[in-house]
Every structure is written in C-alpha cells, then in structure tokens.
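# Let me see the structure of the following:
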Amino acid sequence: MAFTRSPVRSRPAPPTFLIRTIFSGIHPSQERVSAIGRKAELYDCGVTMIHIERLTKTFPTKPLFLEASAHLKPNTRVGLVGPNGSGKTSLLRMILDEDGIESGRIRKRPHLRIGYLPQELETLPGNTILDATHRNEFPEYEAKRILAGLGFQEGDWDRKVQTLSGGYRMRVALAYLLLSAPDVLMLDEPTNHLDKPTQRWLENFLINSPFTLLIISHDIEFLDKMVTHIWEVRNHTLQEYRGNYTRFQKLKAERDAQEEAAANRQSKEISRVQSFVDRFRYQANKATQVQSRIKQLEKVKRIELQRDTKRLKFKFPEPPPSGREVLEMQNIHKRYGEKIVYEGLDFSIERGQRVAFVGENGAGKSTLLKMLAGVLKFEEGKRIVGHGVTIHYFAQHQAEILHPEHSILDSLEEAAPQAERNFLRGLAGAFLFSGDDQLKPIKALSGGERNRVALARMLVEPANTLLLDEPTNHLDPASVDMLTDALVQFPGTIVFISHDPTFLMRVATRVVEIDEGKARDYIGDYEYYCWKRAKELEDQIPPEAKLDKKKSKKKEKAQKEQPTTEHTTNGAPTTNIAPSTEPSRRDLSKSIARLEKQVASAEKEIAQLEEQIKARDVELAAPETYQDYSRWNSLHQEREKWTRDLDRLTHKWADLSAQLEKQQSQIS
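Predicted coordinates:
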C-alpha cells in the first residue's frame with residue numbers, strides 16, 4: 001500500500017486504509033525493518049515521542065478538548081480511557097494528521113514511525129490472508145508465525161480475505177501491523193474480536209516487544225496487564241496517571257477526595273469572610289476592613305470540582321410473553337465455500353433462558369446467532385419460530401445495521417416509524433444524546449456511541465427475545481454495568497455471545513459451547529460451565545498419568561513431614577518428629593559433597609543447552625531453513641523446549657548453590 005498523509009477532514013470518517021504508518025522527516029519509501037529478528041532501536045529515554053501541547057478541538061455540538069496536554073515517552077504503554085464519545089479515537093486521528101485541530105499543536109519526534117489499528121475496517125488489501133499479511137514486504141515465514149499466534153491455522157493462509165468476518169479481518173490487519181514494527185503502536189479496541197487464548201498471545205507479544213503503545217480499551221483486565229500509564233479524558237483535558245488501570249482508579253479517587261476537601265475548606269472560608277462583609281458593610285469604623293475583605297474575595301480562585309459525565313440508565317420495557325418454545329433449528333446445514341460450519345445441527349431455546357454461546361473464534365457462534373435471527377440463510381434444514389415470539393437482533397458490527405448517513409433520530413425512527421418525534425428525542429436523551437447531538441450522523445459516532453444507538457433502537461418497540469452478538473464491545477465499564485443490570489432484570493429470552501467473563505458470569509443461565517459444528521449444552525451458569533469443562537479435561541488424563549501425579553504429591557508430602565534421624569551412643573538410630581540438635585560435622589561434609597556434585601552436573605547441562613540453542617539459532621537464521629516453514633516451525637518448537645529446560649535448570653542450579661553456600665558457612 002502507499003504510505004501517504006491523509007487530507008485533514010472536518011468530521012471524523014471511517015478509515016479507508018488498514019494501517020497508517022506515518023513518517024516524520026523521512027520519505028515513506030525509506031527502510032522499514034521487520035519486528036521479528038531485529039533488535040529494538042535504542043532511544044534516549046529523555047526524548048518524548050509525541051508532545052500534545054494545549055490542544056483544542058471542538059465539534060459544532062460540543063467541545064472535545066480544551067487546552068489538553070500530554071507527553072508520550074519511549075518504552076511506555078499508555079491506556080487511553082474515558083467515557084464513550086469523549087474524544088479518544090479523535091485524539092488518535094489528530095496524532096495521525098487525519099483530523100484538524102483548532103489551536104495548540106501535536107509535535108512528533110523526527111523519523112517517528114506510527115502504526116494505527118482502527119476500530120472498524122473498510123478495506124483490506126491483498127487476495128489471501130497470507131498476502132494481506134506480508135504484502136511482499138516481509139518474509140512469509142514471519143507472517144505465518146504471527147498469523148499462527150493470532151489463531152489462524154495452516155489451512156487458513158490461502159483463504160480469500162473477502163470471505164472473512166469483521167473480527168478475522170481485524171486480526172489480519174493486526175498481523176501486518178505487528179510485522180511492520182512501528183516505533184509507536186496505536187490500537188483502538190484491539191481485544192474486541194479476540195478469544196481468550198489469542199488475547200493472551202497478543203498480551204505476551206506486546207509486553208515482550210520494543211513498541212511504545214497507546215491503547216484505547218474498555219477491557220479492565222487487559223489494561224491491568226498491559227499498561228504502565230493511564231491518560232484519562234476528563235472535562236475536555238488529558239489527565240496522566242502512573243500505573244495500571246486499578247492503580248489509576250485508586251489514585252483518581254484519592255485526588256477527587258483531596259479536591260473535594262480543599263473545595264469544602266475554601267467554601268467555608270469564603271462564607272466566613274462574606275459573613276463579616278455582610279455584617280459590617282454599613283459601619284463606618286469597619287469600612288477599611290470590609291473593603292480589604294471584599295478585595296480578598298475578588299482575588300480568590302474558586303476550586304471547581306471535576307464532575308464525571310452522566311451515566312447511561314435504562315431498562316428494557318416489559319414485552320408481551322411468548323410461547324414456551326421460542327426458537328428451534330432442525331437438521332441445519334451451513335457452509336462457506338468449501339468450509340463446512342454446521343452439518344445436521346439440532347438446537348432449541350425455551351422461554352426465559354439466558355443462553356451464552358462460547359467457543360473459539362471461527363467456531364460458528366455468530367453464524368448460528370444470525371441464523372436464529374433469520375438474517376442469514378442456510379443450505380438445508382428448518383428454522384421454527386415459536387408462538388408470539390418477537391425478536392431484536394444486535395449485530396456485532398453496527399455498520400451492518402445502522403445507515404452511516406442517517407442521524408441518530410433518523411435511525412431511531414427507522415425502528416419505529418409510528419413513534420412520535422418527542423418520544424424518540426426523550427429516548428435518545430436517556431442514552432446520553434441531547435440537543436444537537438441527536439442530529440449527528442451515524443458515521444461521525446464512536447464505536448461505543450453506535451452501540452448505544454443500537455441499544456436504544458431495541459427499546460423503541462418491546463420484543464420478548466433478544467439476540468446479542470458481543471453487546472459489550474466498545475462500551476465503557478459504567479455502561480457495561482448498566483447493560484448487565486438491565487439484561488438480568490429482563491423477563492424474556494436472551495441469546496448472546498461474549499468474551500467478557502464477568503458479563504458471562506452475571507447474565508448466563510445456560511451455556512452452549514460451539515465446537516466443530518456441534519452445540520454442547522451445559523444447563524447452568526458460566527461458573528458451572530467452567531467447573532464442568534475442567535472436570536471433563538481432567539477425566540481425559542490417562543489413568544497412568546493420574547497415578548504418577550498422585551504418587552508425586554504423596555512423595556512431596558512425605559518429604560515435608562519426614563522425621564529427622566539421630567544416632568544414640570551405641571549407634572542405634574532413634575526417630576524424632578522435631579530435631580533436637582544441629583547436624584554433625586560429618587553429616588554436613590557428606591551433604592556438601594553431594595551438593596557440589598549436583599551443582600557441577602547442573603552447570604554441565606546448562607552449558608550443553610546453551611551450545612544447542614546457539615547452534616539452533618544459526619540454523620534457524622539460514623535462508624534455506626526459513627523458506628521451508630514446516631521444517632522451520634518444527635526446529636523452532638524444539639528450540640522453545642530447550643529454552644524452557646534451560647530456565648528450569650538455571651533455577652535448579654541457583655537453589656542448589658544457595659543450599660551449598662549455607663552448609664559451607666555452617667561447617668566453617
């Protein structure tokens with residue numbers, strides 16, 4: 001793709017390219033080095049990568065930033081947080097020069113390379129998944145390694161990108177971005193479309209990479225693991241905190257408490273002075289003192305308490321009841337090209353159930369939900385809708401449902417053409433869209449704001465069955481809590497997909513695991529499902545392995561409880577639970593000799609492993625090796641095993657050396 005600066009737009013628009021790698025001071029065609037196999041460039045830690053200085057940006061309906069300032073330093077991982085619609089994505093676009101600013105400036109370090117992954121993608125260059133990842137810029141074996149980490153199988157590499165879901169297209173985009181090795185990596189909601197194994201891989205990759213990160217995310221667990229700093233968008237400014245998200249919440253609460261206490265003290269002092277002025281204003285002998293206090297009051301700079309934005313509050317209206325059998329799928333066959341997703345699937349849902357679909361990405365969860373909603377056709381089988389069933393479907397990608405050119409009010413009116421305009425305005429206000437904001441086009445909204453519009457559409461006309469595909473994506477934590485409460489209180493039927501464990505734990509009353517075209521039922525909440533799956537996995541362990549594990553535990557327990565042995569004067573041993581004397585010099589000498597042998601043996605094994613790893617690195621770097629991916633992958637896996645063995649041996653050597661030093665000090 002071409003690396004060019006995008007023109008400044010007056011209104012945010014969906015990105016037309018996958019990734020923006022912005023060069024400051026050099027031409028885009030100059031050298032771009034792969035992240036894999038290269039050492040991180042070393043920068044002076046005092047050099048700030050991005051300076052945001054007194055930034056002001058407003059929309060016709062509201063201000064976003066008013067003289068906001070922040071500094072992104074090398075080797076930091078910053079989480080950008082704030083309510084939906086507060087300007088987080090707009091800030092990233094301004095850093096990329098895609099949106100203009102009204103005053104202030106954003107300075108970037110010369111030769112800075114910035115990579116950006118947006119919330120939504122419109123285009124994905126390349127014919128196949130592998131082509132779209134390496135783009136003839138990086139070796140294929142590097143692209144394959146990244147794709148494997150992001151959950152793609154070897155058989156997926158030649159799949160057409162046009163057949164991919166939005167979540168998998170986002171993964172391909174992320175794979176290319178990781179390969180491009182920018183200095184600053186900006187990710188907008190990167191975990192929305194990732195299952196837990198893939199998210200863990202991404203976390204480990206980013207933590208061990210040289211990237212400076214600026215991440216927008218509402219996933220608290222992800223932020224706690226990833227970030228070293230927090231930038232909060234609050235009251236149109238950027239407030240910086242050191243630490244992860246949990247520490248940020250603590251520091252923020254402490255700061256707010258201190259500001260409130262200071263404001264209360266100031267208010268009391270102002271009241272005391274004002275009381276003196278009011279009391280003696282008309283007494284001639286107090287005129288000088290009164291005037292002095294009036295001037296004092298005029299000079300006081302009032303402490304303004306920072307108020308958080310309003311929180312979303314709603315509940316689903318009472319729907320008309322449905323029959324007992326809500327939805328049923330009989331002998332369903334569904335495929336995408338050559339890939340068979342379902343073959344002879346039977347599935348049914350009863351009234352009042354809150355069913356969670358779980359499973360790996362690509363297993364067919366969204367496909368089944370779309371077929372239940374009637375928005376996706378299948379090749380063979382039958383879909384039966386029960387008596388009195390009314391359905392609302394919440395799509396994972398709101399671009400599939402909401403018209404980008406329509407305003408918020410227009411979108412609500414589409415869902416209920418007969419509703420009065422004032423009612424729709426009130427509903428929009430309940431979802432935090434007030435005044436002229438209600439006339440904003442859908443394309444100008446953030447991901448969280450679009451989700452709020454979609455939720456509002458579901459409240460226009462009550463339905464007794466809700467089908468929700470990742471409803472918490474893009475929503476800030478406060479909105480997720482409110483949505484969770486509303487769903488728990490909803491008296492109808494819910495079928496949903498989510499990767500949020502807390503959301504699953506609170507909402508689900510039945511869990512269905514989708515795997516290899518089968519739907520496995522677990523009648524119980526998410527906690528029961530986790531316990532049951534763990535038990536099933538344990539039952540799959542061979543009996544011999546279980547026996548060995550049991551013996552190992554018994555041996556460890558016996559060693560902990562092993563009594564000490566002392567010798568009487570006639571040489572007969574006697575056993576006591578607790579030792580009464582220090583070990584003899586003879587025993588210490590024997591123990592030291594044994595430990596010295598063990599330390600020497602560990603050192604020899606460590607040296608051998610280090611030589612093996614060194615030789616394997618040379619072998620892996622050879623062109624004839626990495627051109628054969630299967631062989632390269634096999635050799636690499638063996639090297640990873642050696643690395644784990646080396647870590648284990650190093651810890652063992654350190655423990656043995658510590659014991660040896662201790663006993664040598666005792667005998668001396």
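
# I'd say residue 196 and residue 504 touch.
No - if you go by C-beta atoms under 8 Å, residue 196 and residue 504 don't touch, sitting 11.2 Å apart. C-beta here means a position set from N, CA and C on the backbone, and glycine is covered the same way.

# More neighbours: which of the two?
Neighbour totals were compared for residue 196 and residue 504, and residue 504 leads with 20 against 13 (other C-beta atoms under 10 Å).

# For the more buried one, give its distance to residue 356.
To residue 356, residue 504 is 5 Å away according to C-beta to C-beta, to the nearest Å.

# which neighbours do these two share?
By C-beta atoms under 8 Å, 6 or more residues apart in numbering, residue 504 and residue 356 have these common neighbours: 498, 511, 526.

# Now the residue nearest to the first one when sequence neighbours are not counted. Its backbone dihedrals?
What that stands for is residue 498. Nearest non-adjacent residue to residue 498, counting by C-beta to C-beta, 6 or more residues apart in numbering: residue 504, 5.6 Å away. Phi and psi for residue 504, reported as degrees, to the nearest 10, are phi -60, psi -40.

# Point out where the stretch 1-150 of the chain drops to low pLDDT.
Along the stretch 1-150 of the chain, segments meeting pLDDT under 70 span 1-46, 122.

# try the chain
In the chain, residues with pLDDT under 70: 1-46, 122, 165-166, 306-312, 398-400, 541-586, 621, 623, 625-629, 667-668.

# Domains in it, by residue range?
Domain assignment of the chain by automatic domain parsing yields the ranges 22-245, 248-299, 325-536, 585-668.

# would you turn those into CSV with distance to residue 315?
Shown next, in CSV, are the domains of the chain (distance: least, C-beta to C-beta, whole Å):
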stretch, distance to residue 315
domain 22-245, 19
domain 248-299, 26
domain 325-536, 5
domain 585-668, 51
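
# phi, psi of residue 404?
phi -60, psi -30.

# Kindly report the same for residue 336.
Per degrees, to the nearest 10, the backbone of residue 336 is at phi -120, psi 100.

# any idea how far the spatially closest residue to residue 375 that is not a sequence neighbour is from residue 450?
Leaving aside its sequence neighbours, residue 375 sits nearest to residue 393 (C-beta to C-beta, 6+ apart; 6.3 Å). Counting by C-beta to C-beta, the gap between residue 393 and residue 450 amounts to 15 Å.

# Comparing these two, which residue is more hemmed in?
A count of neighbours by other C-beta under 10 Å puts residue 450 above the other of residue 393 and residue 450, at 25 against 21.

# Next secondary structure after the helix or strand that the more buried one is a member of?
Using DSSP states H and E, residue 450 sits in helix 447-460. Using DSSP H and E, the helix or strand that directly follows helix 447-460 along the chain is strand 465-469.

# between that next one and helix 447-460, how big is the angle?
Computed with axes from the mean of the first three to the mean of the last three C-alpha atoms, to 10 degrees, the direction of strand 465-469 lies at 170 degrees from that of helix 447-460.

# Direction included, what does strand 465-469 pair up with?
strand 391-394 (parallel), strand 493-497 (parallel) (DSSP bridges).

# Now do the buried residues in the last one.
By neighbour count on 16 or more other C-beta atoms under 10 Å, the buried set for strand 493-497 is 493, 494, 495, 496, 497.

# Need the max-distance pair from those.
Using C-beta to C-beta, the pair of the buried residues of strand 493-497 lying farthest apart is 493 and 497, separated by 15.0 Å.

# got a list of what residue 461 touches?
Going by C-beta under 8 Å, 6+ apart, the list of residues near residue 461 reads 415, 416.

# Give me the contact list for stretch 147-159.
Residues from elsewhere that reach stretch 147-159 (C-beta under 8 Å, 6+ apart): 128-130, 133, 144, 171-172, 174-175, 194-195, 197-198, 201-202, 205, 360-362.

# Of the residues you listed, keep whichever come out buried.
Judged by 16+ other C-beta under 10 Å, buried ones among the contacts of stretch 147-159: 129-130, 133, 144, 171-172, 174-175, 194-195, 198, 201-202, 205, 360-362.

# Which of those residues fall within helices?
Judged by DSSP state H, helices contain the following of the buried ones among the contacts of stretch 147-159: 129, 130, 133, 144, 171, 172, 174, 175, 198, 201, 202, 205.

# Tabulate those (JSON lines), appending distance to residue 530.
What follows is these, written out as JSON lines (distance: C-beta to C-beta, whole Å):
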{"residue": "129", "distance to residue 530": "32"}
{"residue": "130", "distance to residue 530": "35"}
{"residue": "133", "distance to residue 530": "33"}
{"residue": "144", "distance to residue 530": "32"}
{"residue": "171", "distance to residue 530": "25"}
{"residue": "172", "distance to residue 530": "31"}
{"residue": "174", "distance to residue 530": "28"}
{"residue": "175", "distance to residue 530": "30"}
{"residue": "198", "distance to residue 530": "19"}
{"residue": "201", "distance to residue 530": "21"}
{"residue": "202", "distance to residue 530": "22"}
{"residue": "205", "distance to residue 530": "26"}
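
# Which of the residues you listed lies at the shortest distance from residue 225?
Residue 225 lies nearest to residue 202 out of those, by C-beta to C-beta, at 10.5 Å.

# Okay, strands next: where are they in the stretch 251-400 of the chain?
Assignment of strands within the stretch 251-400 of the chain using DSSP state E, counting those that start in this stretch yields the ranges 325-336, 339-350, 354-358, 380-385, 391-394.

# Which stretch among those strands is buried most, on average?
Comparing the strands of the stretch 251-400 of the chain by mean neighbour count (mean count of other C-beta atoms under 10 Å), strand 354-358 ranks first with a mean of 23.

# Grab the CA positions of that one and hand them over as CSV.
Provided in CSV are the C-alpha atoms of strand 354-358 (Å, rounded to 0.1, in the frame of the first residue of the first chain):
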residue,chain,number,x,y,z
ARG,A,354,-30.4,-16.6,29.0
VAL,A,355,-28.2,-18.6,26.7
ALA,A,356,-24.5,-17.8,26.2
PHE,A,357,-22.7,-19.1,23.1
VAL,A,358,-19.0,-19.8,23.9
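
# so what strands line up beside that strand?
Applying DSSP bridges, strand 354-358 is found paired with strand 493-497 (parallel), strand 510-515 (parallel).

# now the ones you listed in a markdown table, with distance to residue 161?
Formatted as a markdown table, these follow (distance: least, C-beta to C-beta, whole Å):
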| stretch | distance to residue 161 |
| --- | --- |
| strand 493-497 | 23 |
| strand 510-515 | 23 |
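
# Would you mind saying which of these lies nearest residue 346?
strand 510-515 (12.2 Å).

# Only the buried residues of the closest one, if you could.
Buried, per 16+ other C-beta under 10 Å, within strand 510-515: 510, 511, 512, 513, 514.

# Nearest residue to residue 313 in space, please, no chain neighbours.
Residue 313's closest residue in space is residue 482 (C-beta to C-beta, 6+ apart), at 6.2 Å.

# Check what contacts the strand or helix carrying that neighbour and list those residues.
Residue 482 is part of helix 477-489, with elements assigned from DSSP H and E. Residues from elsewhere that reach helix 477-489, judged by C-beta under 8 Å, 6+ apart: 83-84, 218, 220, 311-316, 354, 448, 452, 455, 466, 471-472, 475, 494, 496, 500, 503, 506-507.

# Can you list the buried residues in that helix?
In helix 477-489, counting by 16+ other C-beta under 10 Å, buried: 477, 478, 479, 480, 481, 482, 483, 484, 486, 487.
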